[in-house]
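task: produce atomic coordinates for the following.
(chains A and B, ligands or ions: 2)
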Protein chains: 2
Amino acid sequence: MTTGLLEHLATGTPSLLNRLHRSLNQAMRSPAYREKLGLSRADEVTNLDRFAELPFLTKEDLRRHSPFGLCCADEQEIVRVHSTSGTTGDPVVIPYTARDVETFAALMARALSMAGMTDGDRAMVTPGYGLWTAGIGFQTGVERLGACAIPTGPIAMEMQMAFLRKMNPSYLIGTASMALLLGETIRREGLTPSLKGAILGAEQWGDGRRAVIERLLGAKTFDIYGMTETYGPGIAIECACQEGLHYWDDLFYFEVIDPATGTVLPEGETGELVITTLVKEGLPLIRYRTRDLAAILPGTCRCGSPYPRISRILGRSDDMITYRGVNLFPSSVEKLVAETPGLGSEFRIVLTTEEGKDCLDLEVERSCDGGDEPAKDLARKMKMTLSALPRVRLLPPGGLGREMKKTRRVFDNRSR
Amino acid sequence: MTTGLLEHLATGTPSLLNRLHRSLNQAMRSPAYREKLGLSRADEVTNLDRFAELPFLTKEDLRRHSPFGLCCADEQEIVRVHSTSGTTGDPVVIPYTARDVETFAALMARALSMAGMTDGDRAMVTPGYGLWTAGIGFQTGVERLGACAIPTGPIAMEMQMAFLRKMNPSYLIGTASMALLLGETIRREGLTPSLKGAILGAEQWGDGRRAVIERLLGAKTFDIYGMTETYGPGIAIECACQEGLHYWDDLFYFEVIDPATGTVLPEGETGELVITTLVKEGLPLIRYRTRDLAAILPGTCRCGSPYPRISRILGRSDDMITYRGVNLFPSSVEKLVAETPGLGSEFRIVLTTEEGKDCLDLEVERSCDGGDEPAKDLARKMKMTLSALPRVRLLPPGGLGREMKKTRRVFDNRSR
Ligand SMILES: [Zn+2]
Ligand SMILES: [Zn+2]
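Ligands and ions are numbered 1, 2, ... in the order given. I've put the predicted structure just below:
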């Protein structure tokens, strides 16, 4: 019923720089985080320009230090972990303090409230529970609002339909794919759904899909954003205007950067979203590269909310390559490169089309002089992932050049 | 860290009768519950003998009124539902108020604390989440204690092992089957587990299995008890003495009855456990027949705890019949009988052995005069469940006789 913590945080409204200092101080409780930031005291960051020079935090950083290297609370303060799905490598474990759990519930309640949910509503919560952050996050938000959670989770569609009929929910929470399937099933069975709203996230879905879903469900849809690293979903959500997602600037500092150069882009320009948490304790994020492409929207929303907005997420800045039907992650290649004796850390994936077929060239720096054995070794390892032997070309150390902020790993020159 | 609510409840320590009145008053907020109890005012129950004359509440009652017929809170007070698994028929939906969620967390924290868990521990929570009550119940209890929940849920054993290695838990929470499998895997991989305790419930497991599990895990095991209807697991648990399960008599009133006659049995005698909740709001239980066989143990435990004890659960009072390798529930037969035109509600399943083979006779009362069609109809329906055609015998209305407290549906006269 109350978002007490958040209102408490809002009183006094410290300046953004003060809030960033607070979060930096929390981050610097971890020696590894201090080293990563290259700071010994938070007040070395004297202004926002200086903040914009701090190094980015990446998922690879989180993975390398998982589970507790970047943890900034005492072990006894951690009451829960969640984990990323691990499809791109080892799962990354995110630790939560009791206050993090509380903040997550409060921000989720605020998000659901922006989507019109009140204590009289019943919400079917279809995302996964357990290690995944979404299920329990949505559920606690629903309960916090005093609405009723129907925690179906990812059970079979037949059971989802049984609970839909029996419980008559007014909100559906899940992915757009789930909403589409449920909507089609509802129509096929000739039911008249009583849904008022559908809160959908965790995957990209465009306006075409939105129109279909809204028609099938007879309900307004609300795009919701977030990820395990930022507590979970609920850090940004559409209001009824559907003109961008409001985000909570008392809890998060959003920047948008050029993904290639790392330069901060002005309002309105699309780039990679970079998130700094302002009150997170277990694993605070300082300039976390989300790899999600979006813009910070100028002006205020017609709904009158004081919270600023981002555009909907337009894609991922790099992450996945699809090569001859196989999904490949640069981080997987990086791992194989690291495991191959004779190779340095630097590599480049070059994709081309030759005679109508995808080709993958891997350019890798040697760590020392020697023969062609490392190239054969790496190609063999890659074949297990790719089901195709890549061409591996060895370069002398430093042969690939260097970037100041971010190294581009993938050059996709394939014809479309 | 605190079980504040429960300490609050303990102050003043009202008499048992006062507590029962409080729960009866809550139950009587539902018209259907009032009718079921045959009461118009709680204080008609003037003493415990009178309480022992109240009718039993059964799972069938819950099912018939699911989801909200027996709900004793305003709809706006309900913040969550859970559901029984539905293997024996339609899932039964149990509504929770915010206070029920709080009580569940507090009683679970008390249970885990009795098993020795403290804020320095890490507990792997392997039961299911979502509609199931156990996952979230254990997790909130762990968090309430200030320990760290690792919410693996029912993921594949390979992933369980990955989290075991990565997170080094000191407690395992799950079923005995899960503990056995995990223990065997740990030993096969030559790991030295760092577990201190394993909290195991949701299925029967005897002392033989306990010895094997404790040896494999190198940890003490604690049998824990509870079901969705009673919030969830955690309403009773073994202490380190392993001489029965302590239960929370400030939150529950336990009776043990003769399952055939319904007579309350004295301390020390084994019968069916009947549970009355004392502070539950959403769906309070008044004399709920658990179908679990146990005894209330006399005397006090060597551990010095003031909480009384029950024996471990010795079995189920009736529930499942195994017939030619197929599991059959009387409630499923009841449903089929109810769906067959021309039949009344009363039936009897008689199992015999003829020429070394299981035989099933179904004796069913007609609802009106007529031909043999209902018998054929029912037999056809039964065949889909049983994979064998039962013999159905029609009796006139009232032909099966009547019981005062509980009707026995199953007569198993098979030779063993
Ligand atoms: Zn708006
Ligand atoms: Zn004891």
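
for A:Glu365, give me the backbone phi and psi.
phi -80, psi 140 (degrees, to the nearest 10).

what does the pLDDT read for it?
Looking at A:Glu365, its pLDDT stands at 85.

can you check A:Met320 too?
67.

can you name the residues of chain A that neighbour chain B?
A:66-67, A:75-76, A:78-83, A:91, A:93, A:95, A:98, A:101, A:119-120, A:125, A:129-131, A:135-136, A:139, A:142-143, A:146-155, A:162-163, A:166-167 (Cβ under 8 Å from any Cβ of the partner chain). C-beta here means a position set from N, CA and C on the backbone, and glycine is covered the same way.

narrow these to those that are buried.
Among these, the ones that count as buried by 16 or more other Cβ atoms under 10 Å in any protein chain shown are A:66-67, A:78-83, A:91, A:93, A:95, A:98, A:101, A:125, A:129-131, A:135-136, A:139, A:142-143, A:146-153, A:162-163, A:166-167.

keep only those of these that are in strands.
Judged by DSSP state E, strands contain the following of these: A:Ile78, A:Val79, A:Arg80, A:Val81, A:His82, A:Ser83, A:Val93, A:Pro95, A:Val125, A:Cys148, A:Ala149, A:Ile150.

so for the second one, what's the pLDDT?
To tie it back to what came earlier, the one meant is A:Val79. For A:Val79, pLDDT reads 97.

relative to B:Arg122, how far out is it?
10 Å (Cβ to Cβ, to the nearest Å).

find residues that contact each of those two.
B:Ala147, B:Cys148 (Cβ atoms under 8 Å, 6 or more residues apart in numbering or on different chains).

show me the helices in the stretch 51-200 of chain A, by range?
A:59-65, A:98-114, A:133-145, A:157-167, A:176-188 (DSSP state H, counting those that start in this stretch).

any chance of those helices in CSV, plus mean pLDDT and distance to B:Phe254?
Shown next, in CSV, are the helices of the stretch 51-200 of chain A (pLDDT from 0 to 100; distance: least, Cβ to Cβ, whole Å):
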stretch, mean pLDDT, distance to B:Phe254
helix A:59-65, 94, 48
helix A:98-114, 98, 33
helix A:133-145, 97, 29
helix A:157-167, 92, 31
helix A:176-188, 89, 42
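
out of those, which one sits most buried?
Of the helices of the stretch 51-200 of chain A, the one with the most neighbours on average (mean count of other Cβ atoms under 10 Å in any protein chain shown) is helix A:133-145, at a mean of 27.

other SSEs contacting that helix?
Applying 3 or more Cβ pairs under 8 Å, 6 or more residues apart in numbering or on different chains; DSSP states H and E, one finds that helix A:133-145 makes contact with helix A:98-114, strand A:122-125, strand A:148-150, strand A:233-238, strand B:78-83, helix B:134-145.

of all those, which lies closest to A:Thr352?
Nearest to A:Thr352, of all these, is strand A:233-238, at 37.6 Å by Cβ to Cβ.

can you get me a residue count around the residue nearest to A:Ala219 when sequence neighbours are not counted?
Once flanking residues are discounted, A:Ala219 sits nearest to A:Leu195: 3.9 Å by Cβ to Cβ, 6 or more residues apart in numbering or on different chains. Residues near A:Leu195, counting by other Cβ atoms under 10 Å in any protein chain shown, number 22.

quick check: A:Leu195 vs A:Gly174, distance?
Distance, A:Leu195 to A:Gly174, by Cβ to Cβ: 12 Å.

one more: A:Ala115?
13 Å.

between the two, which contacts overlap?
Joint contacts of A:Ala115 and A:Gly174 (Cβ under 8 Å, 6+ apart) are A:Ile199.

how about the stretch 301-416 of chain A: which residue is closest to chain B?
A:Lys335 (16.0 Å; Cβ to the nearest Cβ).

assumed that residue was part of a helix.
Yes. Judged by DSSP: H, G, I helix; E, B strand; the rest coil, A:Lys335 forms part of a helix.

residues contacting the nearest residue to A:Lys196 once chain neighbours are set aside?
Nearest residue to A:Lys196 in three dimensions, chain neighbours excluded: A:Ser170, at 4.7 Å (Cβ to Cβ, 6+ apart). For A:Ser170, the contact set (Cβ under 8 Å, 6+ apart) comprises A:Gly120, A:Asp121, A:Arg122, A:Ala123, A:Ser194, A:Leu195, A:Lys196, A:Gly197.

from those, pick the one nearest chain B.
Chain B has its nearest neighbour among the contacts of A:Ser170 in A:Gly120, at 5.8 Å by Cβ to the nearest Cβ.

phi, psi of the closest one?
Residue torsions, per degrees, to the nearest 10, at A:Gly120 are phi -90, psi 0.

so for the spatially closest residue to it that is not a sequence neighbour, what's the pLDDT?
Take A:Gly120 and drop its neighbours on the chain: the residue closest to it by Cβ to Cβ, 6+ apart is B:Gln76, 5.8 Å away. If you check B:Gln76, the pLDDT there is 91.

now swap in A:Gly344 and tell me
Looking at A:Gly344, its pLDDT is 75.

touching, it and A:Glu365? I think so.
Yes. Counting by Cβ atoms under 8 Å, A:Gly344 does reach A:Glu365; the two are 4.0 Å apart.

overlap in contacts of the two?
Listed contacts common to A:Gly344 and A:Glu365 are A:Pro397; contacts here mean Cβ under 8 Å, 6+ apart.

one step back: could I get the helices and strands packed on helix A:133-145 as JSON lines with distance to B:Ala27?
Converted to JSON lines, the helices and strands packed on helix A:133-145 look like this (distance: least, Cβ to Cβ, whole Å):
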{"stretch": "helix A:98-114", "distance to B:Ala27": "31"}
{"stretch": "strand A:122-125", "distance to B:Ala27": "23"}
{"stretch": "strand A:148-150", "distance to B:Ala27": "20"}
{"stretch": "strand A:233-238", "distance to B:Ala27": "37"}
{"stretch": "strand B:78-83", "distance to B:Ala27": "16"}
{"stretch": "helix B:134-145", "distance to B:Ala27": "23"}
